[in-house]
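Asks: I'll drop the sequence and a predicted model, then ask my questions.
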Protein chains: 2
Amino acid sequence: MVPKVVFGAGSFNQLGTILAEKRKHEKPFVFLVDDVFENNAEFTTRVPSHESDLLIFVSSEEEPKTKQVDALVSQIKEMFEKGVSGVIGIGGGTILDLAKATSILLTNPGKAADYQGWDLVYKKAVYHVGVPTISGTGAEVSRTAVLTGPVRKLGINSDYTPFDQVILDPDLTETVPNNQWFYTGMDCFIHCVESLNGTFLNAFSESYGEKAYELCLEIFNDTKLSKTEARAKLMMASWHGGMSIAYSQVGVAHAMSYGLSYVLGTKHGIGNCIVFNQLEDYYPKDVSLFKEMVKKHRIDIPSGVCADCSETEINTMIDIALGLTPLWENALGEDWETKIDRETLYTLYRKM
Amino acid sequence: MVPKVVFGAGSFNQLGTILAEKRKHEKPFVFLVDDVFENNAEFTTRVPSHESDLLIFVSSEEEPKTKQVDALVSQIKEMFEKGVSGVIGIGGGTILDLAKATSILLTNPGKAADYQGWDLVYKKAVYHVGVPTISGTGAEVSRTAVLTGPVRKLGINSDYTPFDQVILDPDLTETVPNNQWFYTGMDCFIHCVESLNGTFLNAFSESYGEKAYELCLEIFNDTKLSKTEARAKLMMASWHGGMSIAYSQVGVAHAMSYGLSYVLGTKHGIGNCIVFNQLEDYYPKDVSLFKEMVKKHRIDIPSGVCADCSETEINTMIDIALGLTPLWENALGEDWETKIDRETLYTLYRKM
């Protein structure tokens, strides 16, 4: 788990002090910042980077890729022969996962794709800090860094993946557009539904999952909170949702969403929504709640995204989805293979 | 926060594997184990200590003391000139706090009393593991190690205090006697009441506090859970309650309970119950809920404990209680000194 966390509106201002303690002689920090902030001078002047540090604006238009991590690591190693003091990710799940993976690959040999899976990392990563600027992914707290690689979309799940320090400043999520706020919030809601309805559930995950689920409903279904309260509470929902998953698993929605995203590059939040919208058979109560919230917030859930897909593309989606054994085991039990088949997934994908 | 945690019935069996990774050449582990287990061979054979390790059974009859920590540290340093691989605390809050403080004093010079307060520790402690065998104190997750010193009862609050690893095995709490189960569970309930009603509350603490509070009511008020479920859920309530406090503060009950315990040596859990029982004016709804739960579980809350106290003793209690500024600030606000006086505390203590 993340050993250090600061929470509170304005707490982003503490980043400079926190990094000062960790700065090593002649070793700069690398800041990976979501490029939505690139022309936001008010924000960029608050990033406490020194002249010798490297600040890279990274697009989060696409899901993070193993080759992107490899390129970042090459660039950093080439620029800084003596190594770096740490990596700071400032952004949404894409940037946070890139920061986590980069910090691992700076100390572990080989390519990012070598570490996709469970517990394949054997050396401590460089010091890494996460600052989420959108809430819901749980990437700020999870022990995975989900990457699209040459053969699969799968996380680097390891004890060295979690951030050493996280700063939770709800004010940083103030400028998130409404649709994106909803999609990413629903990522958290869907996490929780999958965790709470899964066979891997224990009292640890359940207590975190229940709290996050409750907060999501308070924010998106009751809709009585002020915007400031909603920002703070969604940040905590994301945190607890991520903690719940740390000790359980996601399920059908995430498995199918990984397939969608592998083939079409669909972003994770919206991908989950597109998939979850079709999962009445698996999560009836919560899909119906989801549809109510979509209506309340006047959100567009894209449809027909698979209409133009070739048979090969749909088959790849199915391969990717079915390859995620732990997710299916959690959702449907040990005998999941007798409960789901390619035809069912085919029909579901074609409906999306 | 605690960076690594294992949860689950039977997870205590993983301790050996976890320690094997951390064992350094010629450096033994020190196990501090609650002496209620001393003659429980079924349990002691499961403690994965090697022949070269030191296993000490410690009484938890009394609250942990700074001089006890100093004595343990002297003994360990004398026995093991090359140092130790780590300290493992197996027991309730008393043992866990002793383990945390001992691990700090093994690397920091001076006496335990030198570090009572906030952020006075400047060197990393030796590796330390916590295994709670009773639920409610939150000591397994908190960044404090509460000790009674020569001049005060106060915690060693620091970034180095939290355990490096915690094992949460609900089965270990199976043999806790009913009264003790209740008193310690109420420690958690009272933490949450104080945190949720405090002025220091933020969305972080609130989300943890609400979940722990909810779980306490599910366990002690609804009383519909099986014993196995209740054990698992109380372990999580304790965890979340401790997390809530990590980012807020306790209040009137803890301040007064510290005074009681300093003078009379009253154990923390029962002390909190004795105090909370008299705090209708401060926490009306929750004191009434508390009294209902006391009735439901047929628990004896001792009365008349201060009846034979001298004026000097009561005055010392008041001094200790009023010395805990952050607790009063949290409970009553910045102008707490205008809202509470020695007479009020005197009357309350005499009623206990």
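Replies: Cool, the structure landed.
Asks: the strands in chain A, which residues?
Replies: A:4-7, A:29-34, A:54-58, A:86-91, A:117-118, A:128-132, A:146-148, A:153-157, A:165-168 (DSSP state E).
Asks: to chain B, which of those strands lies closest?
Replies: Nearest to chain B, of all the strands of chain A, is strand A:4-7, at 4.0 Å by C-beta to the nearest C-beta. (Each C-beta comes from the backbone N, C-alpha and C, glycine too.)
Asks: who are the packing partners of that closest one?
Replies: For strand A:4-7, the packing partners by 3 or more C-beta pairs under 8 Å, 6 or more residues apart in numbering or on different chains; DSSP states H and E come out as strand A:165-168, helix B:203-216.
Asks: try it again with 7 Å
Replies: Counting contacts by 3 or more C-beta pairs under 7 Å, 6 or more residues apart in numbering or on different chains; DSSP states H and E, strand A:4-7 packs against strand A:165-168.
Asks: CA atoms of the strand it packs on as PDB?
Replies: The C-alpha atoms that make up strand A:165-168 are tabulated as PDB, following Å, rounded to 0.1, in the frame of the first residue of the first chain:
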ATOM      1  CA  GLN A 165       3.900   9.200  -1.700                       C
ATOM      2  CA  VAL A 166       0.500  10.500  -2.900                       C
ATOM      3  CA  ILE A 167      -1.000  13.900  -2.800                       C
ATOM      4  CA  LEU A 168      -4.800  14.100  -2.800                       C
END
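Asks: name every strand pairing with that strand and say which way it goes.
Replies: The strands beside strand A:165-168 in its sheet (DSSP bridges) come out as strand A:4-7 (parallel), strand A:128-132 (parallel).
Asks: touching that strand from outside, list them.
Replies: For strand A:165-168, the surrounding residues in contact (C-beta atoms under 7 Å, 6 or more residues apart in numbering or on different chains) are A:2, A:4-7, A:11-12, A:14-15, A:18, A:129-132, A:140-141, A:235, A:239.
Asks: and stretch A:35-42, what's buried?
Replies: Applying a neighbour-count criterion of 16 or more other C-beta atoms under 10 Å in any protein chain shown, the buried positions in stretch A:35-42 are A:Val36, A:Phe37.
Asks: can you measure across it, start residue to end residue?
Replies: With C-alpha to C-alpha, to the nearest Å as the measure, the ends of stretch A:35-42 fall 14 Å from one another.
Asks: how far away from the center of its chain is that stretch?
Replies: A distance of 21 Å separates the C-alpha centroid of stretch A:35-42 from that of its chain, computed with C-alpha atoms, centre = their mean, to the nearest Å.
Asks: with stretch A:197-216 instead?
Replies: A distance of 18 Å separates the centroid of the chain from that of stretch A:197-216, by C-alpha atoms, centre = their mean.
Asks: how about the CA coordinates for it, as CSV?
Replies: Listed in CSV are the C-alpha atoms of stretch A:197-216, where the atom choice follows Å, rounded to 0.1, in the frame of the first residue of the first chain:
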residue,chain,number,x,y,z
ASN,A,197,-20.2,-9.0,-6.3
GLY,A,198,-17.0,-11.1,-6.8
THR,A,199,-16.1,-14.4,-5.3
PHE,A,200,-12.7,-13.1,-4.1
LEU,A,201,-14.4,-10.7,-1.7
ASN,A,202,-13.2,-10.7,2.0
ALA,A,203,-14.0,-8.4,4.9
PHE,A,204,-11.0,-6.2,4.0
SER,A,205,-12.1,-5.5,0.4
GLU,A,206,-15.8,-5.4,1.3
SER,A,207,-15.3,-2.6,3.9
TYR,A,208,-13.4,-0.5,1.4
GLY,A,209,-15.7,-1.4,-1.5
GLU,A,210,-18.8,-0.6,0.4
LYS,A,211,-17.6,2.8,1.4
ALA,A,212,-16.5,3.7,-2.1
TYR,A,213,-19.8,2.5,-3.5
GLU,A,214,-21.8,4.5,-0.9
LEU,A,215,-19.8,7.6,-1.7
CYS,A,216,-20.4,7.2,-5.5
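Asks: contacts (any at all) between chain B and that stretch?
Replies: Yes: under the criterion of C-beta under 7 Å from any C-beta of the partner chain, stretch A:197-216 makes contact with chain B via A:Asn202, A:Ala203, A:Phe204, A:Ser207, A:Lys211, A:Leu215.
Asks: ditto for stretch A:136-153
Replies: No: Stretch A:136-153 does not reach chain B (C-beta under 7 Å from any C-beta); its nearest approach is 10.3 Å.
Asks: can you pull the buried residues of that stretch?
Replies: Applying a neighbour-count criterion of 16+ other C-beta under 10 Å, the buried positions in stretch A:136-153 are A:136-149, A:152-153.
Asks: where does the stretch 1-150 of chain A come near chain B, residue by residue?
Replies: Selection of the stretch 1-150 of chain A residues close to chain B by C-beta under 7 Å from any C-beta yields A:Met1, A:Val2, A:Pro3, A:Lys4, A:Val5, A:Phe7, A:Gly8.
Asks: which two in those residues are spaced the farthest apart?
Replies: With distances taken as C-beta to C-beta, the most widely separated pair in those is A:Met1 and A:Gly8, at 19.7 Å.
Asks: chain B contacts on the stretch 201-350 of chain A?
Replies: Residues of the stretch 201-350 of chain A lying close to chain B by C-beta under 7 Å from any C-beta are A:Asn202, A:Ala203, A:Phe204, A:Ser207, A:Lys211, A:Leu215, A:Ala232, A:Lys233, A:Met236, A:His240, A:Tyr247.
Asks: ok, the second one - how many residues close by?
Replies: It refers to A:Ala203. Other residues within reach of A:Ala203 by the criterion other C-beta atoms under 10 Å in any protein chain shown amount to 24.
Asks: same check, this time on the fifth one
Replies: The local packing count at A:Lys211 equals 26, with neighbours defined by other C-beta under 10 Å.
Asks: so who does it touch?
Replies: For A:Lys211, the contacting residues are A:His240, B:Ser207, B:Lys211, by C-beta under 7 Å, 6+ apart.
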